[in-house]
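S.K.: Everything below, folded, please.
(one chain, ligands or ions: 1)
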Amino acid sequence: MAAPKPLITHLYTADPSAHVFNGKLYIYPSHDRETDIQFNDNGDQYDMTDYHVFSMDSIDGPVADSGVVLSAKDVPWVSKQMWAPDAATKNGKYYLVFPARDQEGIFRIGVAVSDSPTGPFAPEKNYIPGSYSIDPAVFVDEDEKPYLYFGGLWGGQLQCWEKSESEVKEGDEMNGLVFNASKSGPQEPSGAGVPALCPRVGQLSDDMLNFVSPPQELQILAPETGEPIAADDHERRFFEAAWMHRYNGQYYFSYSTGDSHYLVYATGSSPMGPFTYQGRILEPVLGWTTHHSIVEFKGKWYLFYHDCELSGGVDHLRSVKVREIVYDAEGKIHLA
Ligand code: FUB
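M.R.: Reported below is the predicted structural model:
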């Protein structure tokens, strides 16, 4: 196939979460912007302040920009860095679910609500109690139960959260974890045989504003051993960019491997896991980050992702692209 082109060229956009609502395709991306902040492994250069929503009637047709649908200045709990969002619909409402740093510089996950898939979205005053880290992905299963997958290493702070029997801060009673600021930055567990840190999953309440029980670690197992993937297995371990979809009765959990720059996937028979690693979806793109979503639209399946082609390789100025994917008879994913 011809090399995919950026779908949106008047803005920089990244981390595309694509959904089909009422027969139309909507993209909920990060809105990258130019800043003087130098590249670092903590991700300070990704200093985004608002979200736009984009829509398409057909996969090769024009992309409509609905304008700014939510700004950091309108969300009381947010200090900065509106990173990769997702969206979902339930009970006739549309929910924009997004991570940002709170007033103490800790990444949390918040919700904003609208009657329309293109917003504008009215933010809740506070973040989801017990939420932490980045890259929320909401999955509403066939039985209408909503699940929130989240987590990201290094700048995403997943490694900063530790179990504590006491001294849990108000608002974190749900997760029972404390934030250890000394672990901020490019750190994660290491050493042969040490299990990798895994993403978190929690079932959401029907109004999408709370967890119904504490989020738990989602297991990703190596197929050859049935054991959790190890922390030093950088080509397969979870880093960030969680996504969940269902195909042919199986649950597909996909994610970025971060510093090895792959998009990979694992499958399981329950939305809560465990999942068994299956393989790669996309090889490294131009730019450090790689992030995606997978959606069925008009009978075909698509991978939305980003790279830095439009900015000539500037790492924090990314652009959304799309490629068709197919499943083989064994349910393995291939680029079309
Ligand atoms: O866009 C900021 C961060 O970069 C996202 O949260 C990560 O997934 C990576 O794409």
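S.K.: Quickly note the distance from Ala196 to the ligand.
M.R.: 17 Å (Cβ to the nearest ligand atom, to the nearest Å). From N, CA and C alone the C-beta is placed, and that goes for glycine too.
S.K.: So that it lines up with my notes, have the first residue be 57 from now on.
M.R.: Understood, numbering begins at 57; the last thing we discussed is Ala252.
S.K.: For that residue, give me its contacts.
M.R.: 244-245, 276, 284-287, 289, 293-294 (Cβ atoms under 8 Å, 6 or more residues apart in numbering).
S.K.: so which one among the residues you listed has the lowest pLDDT?
M.R.: Note: of the contacts of Ala252, the lowest pLDDT belongs to Pro245, at 88.
S.K.: Confirm that residue sits in a strand?
M.R.: No - secondary structure of Pro245 (DSSP: H, G, I helix; E, B strand; the rest coil): coil, not part of a strand.
S.K.: burial of the spatially closest residue to it that is not a sequence neighbour, as a residue count?
M.R.: Excluding the flanking residues, the one nearest Pro245 by Cβ to Cβ, 6 or more residues apart in numbering is Ala287, at 4.5 Å. Here the number of neighbours of Ala287 (other Cβ atoms under 10 Å) works out to 18.
S.K.: thought Ala287 was touching Ile276?
M.R.: No - look at Ala287 against Ile276 with Cβ atoms under 8 Å: they stay out of range, at 11.8 Å.
S.K.: ok so, going back, drop anything exposed from the contacts of Ala252.
M.R.: Buried members of those, scored by 16 or more other Cβ atoms under 10 Å, are 244, 276, 284-287, 293-294.
S.K.: Please produce TSV containing those residues, extended by secondary structure.
M.R.: As requested, the buried ones among the contacts of Ala252 are exported to TSV (three-state DSSP):
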residue	secondary structure
Glu244	coil
Ile276	strand
Pro284	strand
Ile285	coil
Ala286	strand
Ala287	coil
Arg293	coil
Phe294	coil
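S.K.: Specify which member of those is nearest to the ligand.
M.R.: Closest approach between the buried ones among the contacts of Ala252 and the ligand, by Cβ to the nearest ligand atom: Phe294, at 11.6 Å.
S.K.: how about the closest one, phi and psi?
M.R.: Main-chain dihedrals, Phe294, degrees, to the nearest 10: phi -70, psi 140.
S.K.: and if you look at Gly314?
M.R.: Dihedral pair for Gly314: phi 70, psi -110, per degrees, to the nearest 10.
S.K.: Show the contacting residues for it.
M.R.: Applying Cβ under 8 Å, 6+ apart, the residues near Gly314 are 209-210, 290, 295-296.
S.K.: try 7 Å this time
M.R.: For Gly314, the contact set (Cβ atoms under 7 Å, 6 or more residues apart in numbering) comprises 209, 295-296.
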